[in-house]
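A.B. asks: pasting the structure only:
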């Protein structure tokens, strides 16, 4: 086990460190970021008005629209000449959010990702296979530099080309694989279609993130690949991957890098703070970022936090695995449903594969939901052409009843054949919302 000293600090010492770094950050943003000065002044609050960590709730929240309004460089707290890298979101629903990094920022980021990989089972001298995408997306480069900082041999495969991924996994014999859970599952299924056993690879640990995934998906990946699968959390607006990481010893919540980020949980509707253990929207404040500090950023991710010490020995704040996103939550006839909840129950049905999509439409004044699910390889082999329609109908009825009983939503269920659901080389598209004029995919 590799534990960094800061990960075992007592709470009082950590609070003192966070407070010191918070005051420095607030002074910097008030002086150098016009948006924050304006927001603070409008709320009639000055950094000097805060006297403890709990006073942070006096400050205004920041959201993605704020960042987009400052496109491209309005959120920078240092001159552009001081930066050595820029990342950005995809910008699929508007202008991308732009994040800058100084040399010191990159060093900090590499350090926290190295700590994250160590928590997930990585060790100096072993090999890490990185199947996250490289480019403006922070996943690939974030894991890459953290792996090198830890002293691992890093294979920068990036996403796509499952056949090449398999060849390198077989030949290079890495102990750790990183990527989105949906894409790593695609790699495993491709191996199975070739008559190979993914569990026969040299892999011991998986570090998966960038999309919500259920505990049942974890079990599926662990069984197929013969690994311990751990969740990594981050988003570009805060820094990228490494903000929080699950330890392989306990797999019981993600350890937040408290020395660099201050976390809150708020009610996404009332915006009021929630108590430890209550589920709500995660809000992060950066404590050490130079180029693009962020204050009370609404992540849109739904989770809870605890400050109980983990059995791995770390004392840092832990967040639960992300239940879903505020904007991914479907409100169907007054019932709140997250895709991860649907996934959890679907993966318990042996005759189904782990691939699905949810289509939401308007039928008159009401919402209608169609759930498309794909049959498993074994079920596909079992059924004959003559019995296919009858067995598919029985399976559809079973799933429909399960969704009504467990998720409290009536859904039309469509059974599709093998490879009937599109595979993803990055983040899986789980929800297709057709209720507005446009088509929105999550």
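C.D. replies: The structure has been received and is ready for your questions. Everything quoted here is computed from the prediction, not taken from an experiment. Numbers count the residues shown, from 1 in each chain.
A.B. asks: now the nearest residue to residue 25 once chain neighbours are set aside: how far from residue 99?
C.D. replies: Once its chain neighbours are removed from consideration, residue 25 has its nearest residue in residue 293; the separation is 5.2 Å (C-beta to C-beta, 6 or more residues apart in numbering). Where C-beta positions appear, they are placed from N, C-alpha and C, glycine not excepted. From residue 293 across to residue 99, the span is 10 Å (C-beta to C-beta, to the nearest Å).
A.B. asks: More neighbours: which of those two?
C.D. replies: For residue 293 versus residue 99, neighbours defined as other C-beta atoms under 10 Å are more numerous around residue 99 (27 against 23).
A.B. asks: Need the residues that contact the helix or strand hosting that one.
C.D. replies: Using DSSP states H and E, the secondary-structure element containing residue 99 is strand 98-102. Residues external to strand 98-102 that are found in contact with it (C-beta atoms under 8 Å, 6 or more residues apart in numbering): 67, 71-73, 75-76, 78, 80, 82-88, 109, 138, 236-237, 239-240, 290-292.
A.B. asks: For this protein, which strand extends over the most residues?
C.D. replies: Selection of the longest strand in the chain by residue count, based on DSSP state E, yields strand 352-363.
A.B. asks: Pull the distance from that strand to the chain's centre.
C.D. replies: Once both centres are worked out by C-alpha atoms, centre = their mean, to the nearest Å, strand 352-363 turns out to sit 21 Å from its chain's centre.
A.B. asks: Neighbours of the closest residue to residue 31 other than its chain neighbours, how many?
C.D. replies: Across the structure, with C-beta to C-beta, 6+ apart as the measure, the residue nearest residue 31 apart from its sequence neighbours is residue 37 (7.7 Å). Using other C-beta under 10 Å, residue 37 has 14 other residues around it.
A.B. asks: Tell me the first helix or strand C-terminal of the helix or strand harbouring residue 37.
C.D. replies: Using DSSP H and E, residue 37 falls within helix 34-42. Proceeding N to C from helix 34-42, the next assigned helix or strand is helix 64-69, under DSSP H and E.
A.B. asks: Does the residue nearest to residue 31 touch residue 30 like I think?
C.D. replies: Yes - with contact defined as C-beta atoms under 8 Å, residue 37 reaches residue 30; the gap is 5.4 Å.
A.B. asks: quick one: the helices in the stretch 251-400 of the chain?
C.D. replies: For the stretch 251-400 of the chain, the helices identified by DSSP state H, counting those that start in this stretch occupy 339-346, 377-382, 388-406, in order along the chain.
A.B. asks: The stretch 51-200 of the chain too?
C.D. replies: Taking DSSP H, counting those that start in this stretch to define them, one finds helices in the stretch 51-200 of the chain at 64-69, 103-119, 138-150, 162-172, 181-193.
A.B. asks: Report the inter-axis angle for the second one versus helix 138-150.
C.D. replies: Here helix 103-119 runs at an angle of 80 degrees relative to helix 138-150 (axes from the mean of the first three to the mean of the last three C-alpha atoms, to 10 degrees).
A.B. asks: Mean confidence (pLDDT) on helix 103-119, please.
C.D. replies: Averaging the model's pLDDT scores along helix 103-119 yields 98.
A.B. asks: follow-up on the earlier one: give me every residue that touches the residue nearest to residue 25.
C.D. replies: 25, 28, 29, 33, 77, 286 are the contacts of residue 293 under C-beta under 8 Å, 6+ apart.
A.B. asks: among the residues you listed, which are in strands?
C.D. replies: Assigned to strands by DSSP E, the following of the contacts of residue 293 qualify: residue 286.
A.B. asks: quick one: the helix or strand containing residue 221 to chain centroid distance?
C.D. replies: Following DSSP H and E, the helix or strand that holds residue 221 is helix 215-225. Once both centres are worked out by C-alpha atoms, centre = their mean, helix 215-225 turns out to sit 17 Å from its chain's centre.
A.B. asks: what about the residue lying closest to residue 258 once chain neighbours are set aside, how many neighbours?
C.D. replies: Computed as C-beta to C-beta, 6+ apart, the closest residue to residue 258 that is not its neighbour in sequence is residue 316, at 4.7 Å. In terms of burial, residue 316 registers 25 neighbours under the definition other C-beta under 10 Å.
A.B. asks: shouldn't residue 316 be in contact with residue 261?
C.D. replies: No - using C-beta under 8 Å as the test, residue 316 is too far from residue 261 to be in contact (10.1 Å).
A.B. asks: show me what contacts the residue nearest to residue 258?
C.D. replies: By C-beta under 8 Å, 6+ apart, the residues touching residue 316 are 7, 14, 255, 256, 257, 258.
A.B. asks: And it, how far from residue 287?
C.D. replies: Residue 316 sits 13 Å away from residue 287, going by C-beta to C-beta.
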